[in-house]
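Peer 1: my questions are about this predicted structure, shown below with the sequence.
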Amino acid sequence: MRIHFIAIGGSAMHNLALALEHKGYQITGSDDIIYEPSKGRLAHKGLLPDTFGWFPDKISTELDAVILGMHAKPDNPELHKAQELGIKIYSYPEFLYEQSKLKTRVVIGGSHGKTTITSMILHVLNYNAIAVDYMVGAQLEGFDRMVHLTQENEFIVLEGDEYLSSPIDKRPKFHLYQPNIALLSGIAWDHINVFPTYDNYVEQFRIFVDGIVQGGSITYNEEDEELKRVVEASENTIRKFPYRIPEHVIDNGVTYLETEDGPMPLEVFGKHNLSNLMGAKWVCQQMGVDETDFYEAIATFKGASKRMEKLAESKTAVAFKDFAHSPSKVKATTQAVREQYPNHKVLACLELHTYSSLNATFLEEYRGTMDAADEAVVFYSPEAVKIKRLDEVTEDQIAAAFKRTDLKIFADPEAFQRFLFTQDFKNTALLLMSSGNYGGLDFEQLVGLL
């Protein structure tokens, strides 16, 4: 098949392009800008566009299909050309479903933890030499790509994002997958630019549960009250498997999971990750992995990229970088570091970077989320607010939202960097939470100070 990608440089899009090239498809693509690592990875396979921009002459009836990425706009000239010629246009999730119609689809969703749970499942399957197709939102150790597609594998494991499918398809991605085996980790309002009310957001999860294939299953975190209500109210004829945080102990900076064979040390920590682990165990068991084999494999899981990623550790200090940005993730991650390092000072830094986090109304959702930290810092860029065309956010609004009198707030990246670089990190656990980069923070230099 000949496939053209409109907006090939995206994190998900370029991985799908690489997966299809590996499968033997002829791939072309366009984008107006492509950053690393996508740029280098596409170039390595000869898929990097010669010139950045949109070129309608790349679209012809010789194409079997076009895959449209979210980075493109509805008035994209290549998209218009494809529509004029009647070429089949897929969104990213539509094409993944097309590739997996005859497979057992395992879909991992939820407002938080879905990348980690998907990564845990893939780690366990890989450890036990069980080959599956997959799509996951983070680069995993031991995996070449974030997307892998074959003809022969029975299962496909998909991270189920609730964000929109494409510029011309406003359905959440996870509505399109029609899972046989599904998991939901929790519901915490996010993506305020798409789902303006809490009820509207929750409705997307009701639709997802009702869209599970009849006779299929839903594995769900019963400690999330909203999720529990959604799942238990569904009249879909599916099996329902609840899970919760398992028994565990923390000793000298190591978390031990209580098992029938005694305490088992883990590489990951935090109640949210222990909850994620139990969800992954239920799914793996439905895929044929017994409990003993699961535990043996999960003991070596070190986490997904940018999820509680340990940047450095010395005799007296430790630093973590985490993708946390939504209120529920910030609270869970901060609490996890506090519990794992009870004798350290916890210095938690959060960058407000997403559309939701820079919305003056949504800011109220962050109240109390960093209370577990000894010292809390918030960084935001007024320039990012302007780029997103949002109303101005002030330091007073941020301070009022977090309701923490000692909260330090920085709007200048140089001032924030000076603050960090002049800290005494002795006996400190540093936590850097962001989906951005703090306006260009030099992480390597920072790590050298520990």
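Peer 2: Noted; the coordinates are in hand. Residues are numbered from 1 along each chain as shown.

Peer 1: pretty sure K302 is touching E267, no?
Peer 2: Yes: using C-beta atoms under 8 Å, K302 is in contact with E267, at 4.6 Å. For glycine as for every other residue, the C-beta is placed from the backbone atoms N, C-alpha and C.

Peer 1: partner strands of the lengthiest strand in the chain, parallel or antiparallel?
Peer 2: When the chain is parsed with DSSP state E, its longest strand is strand 345-352. With DSSP bridges as the test, strand 345-352 is paired with strand 375-380 (parallel), strand 428-433 (parallel).

Peer 1: ok now it, how far from the chain's centre?
Peer 2: Going by C-alpha atoms, centre = their mean, to the nearest Å, the spacing between the C-alpha centre of strand 345-352 and its chain's C-alpha centre is 20 Å.

Peer 1: got a list of contacts for that strand?
Peer 2: Under the contact criterion C-beta atoms under 8 Å, 6 or more residues apart in numbering, strand 345-352 has outside partners 324-325, 330, 334, 337-338, 358, 363, 370, 372-380, 393, 398, 420, 423, 427-436, 438.

Peer 1: for G436, which three-state class applies?
Peer 2: coil (DSSP: H, G, I helix; E, B strand; the rest coil).

Peer 1: which is the succeeding secondary structure element to the helix or strand bottoming out on mean pLDDT in the chain?
Peer 2: In the chain, no helix or strand scores lower on mean pLDDT, DSSP states H and E than helix 382-387, which sits at a mean of 73. Under the assignment DSSP states H and E, the closest C-terminal helix or strand after helix 382-387 is helix 395-402.

Peer 1: taking strand 345-352 as reference, get the angle to that following helix.
Peer 2: Put simply, helix 395-402 runs at 120 degrees to strand 345-352, going by axes from the mean of the first three to the mean of the last three C-alpha atoms, to 10 degrees.

Peer 1: now helix 395-402: buried residues?
Peer 2: Q397, I398, A401, F402 (16 or more other C-beta atoms under 10 Å).

Peer 1: enumerate every residue touching the closest residue to S275 other than its chain neighbours.
Peer 2: Distances taken as C-beta to C-beta, 6 or more residues apart in numbering place I245 nearest to S275, at 4.9 Å, with adjacent residues excluded. By C-beta under 8 Å, 6+ apart, I245 lies in contact with E223, K271, L274, S275, M278.

Peer 1: which of these has the most neighbours?
Peer 2: S275 (24 neighbours; other C-beta atoms under 10 Å).

Peer 1: next one: that one from L227, what distance?
Peer 2: 12 Å (C-beta to C-beta, to the nearest Å).

Peer 1: what pLDDT is listed against F323?
Peer 2: F323 carries a pLDDT value of 82.

Peer 1: over to T292. Which of the three states is it?
Peer 2: Secondary structure, three-state DSSP: T292 is helix.

Peer 1: sorry, slip of the keys, the one I care about is N276.
Peer 2: Following three-state DSSP, N276 is assigned to helix.

Peer 1: surely it and S185 touch.
Peer 2: Yes: using C-beta under 8 Å, N276 is in contact with S185, at 6.6 Å.

Peer 1: out of the strands paired with strand 345-352, which comes closest to L449?
Peer 2: L449 lies closest to strand 428-433 among the strands paired with strand 345-352, at 9.6 Å (C-beta to C-beta).

Peer 1: quick check: closest non-adjacent residue to D169.
Peer 2: Per C-beta to C-beta, 6+ apart, closest to D169 is S91, 4.7 Å.

Peer 1: tell me the SS of the residue most central in space within the chain?
Peer 2: Nearest residue to the geometric centre of the chain (C-alpha atoms, centre = their mean): T115, 4.6 Å. T115 falls in the helix class when you classify it by three-state DSSP.

Peer 1: tell me how far it lies from S435.
Peer 2: In terms of C-beta to C-beta, T115 sits 12 Å off from S435.

Peer 1: identify the contacts common to these two.
Peer 2: Counting by C-beta under 8 Å, 6+ apart, the common neighbours of T115 and S435 are F323.

Peer 1: how close does Y25 get to E414?
Peer 2: In this view, Y25 and E414 are 47 Å apart by C-beta to C-beta.

Peer 1: more neighbours: these two, which one.
Peer 2: Legend: neighbour count by other C-beta under 10 Å for Y25 and E414, higher for Y25 (15 against 10).

Peer 1: I'd assumed L16 was in contact with that one.
Peer 2: No: if you go by C-beta under 8 Å, Y25 and L16 don't touch, sitting 10.3 Å apart.

Peer 1: the stretch 51-200 of the chain: strands as residue ranges?
Peer 2: Assigned by DSSP state E, counting those that start in this stretch, the strands in the stretch 51-200 of the chain fall at 65-68, 89-91, 104-109, 133-135, 147-148, 155-160, 164-166, 169-172, 181-184.

Peer 1: can I get the ones you listed in CSV including distance to G10, mean neighbour count and mean pLDDT?
Peer 2: Shown next, in CSV, are these (distance: least, C-beta to C-beta, whole Å; neighbours: other C-beta atoms under 10 Å; pLDDT from 0 to 100):
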stretch, distance to G10, mean neighbour count, mean pLDDT
strand 65-68, 11, 23, 98
strand 89-91, 12, 20, 97
strand 104-109, 20, 27, 98
strand 133-135, 13, 25, 95
strand 147-148, 12, 22, 93
strand 155-160, 15, 25, 97
strand 164-166, 11, 21, 92
strand 169-172, 15, 16, 93
strand 181-184, 25, 27, 98
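
Peer 1: would you turn those strands into TSV with distance to A317?
Peer 2: Formatted as TSV, the strands of the stretch 51-200 of the chain follow (distance: least, C-beta to C-beta, whole Å):
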stretch	distance to A317
strand 65-68	45
strand 89-91	45
strand 104-109	34
strand 133-135	36
strand 147-148	37
strand 155-160	33
strand 164-166	41
strand 169-172	41
strand 181-184	36
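
Peer 1: could you dump the contacts of I245 to JSON lines with pLDDT?
Peer 2: Formatted as JSON lines, those follow (pLDDT from 0 to 100):
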{"residue": "E223", "pLDDT": "97"}
{"residue": "K271", "pLDDT": "91"}
{"residue": "L274", "pLDDT": "95"}
{"residue": "S275", "pLDDT": "96"}
{"residue": "M278", "pLDDT": "97"}
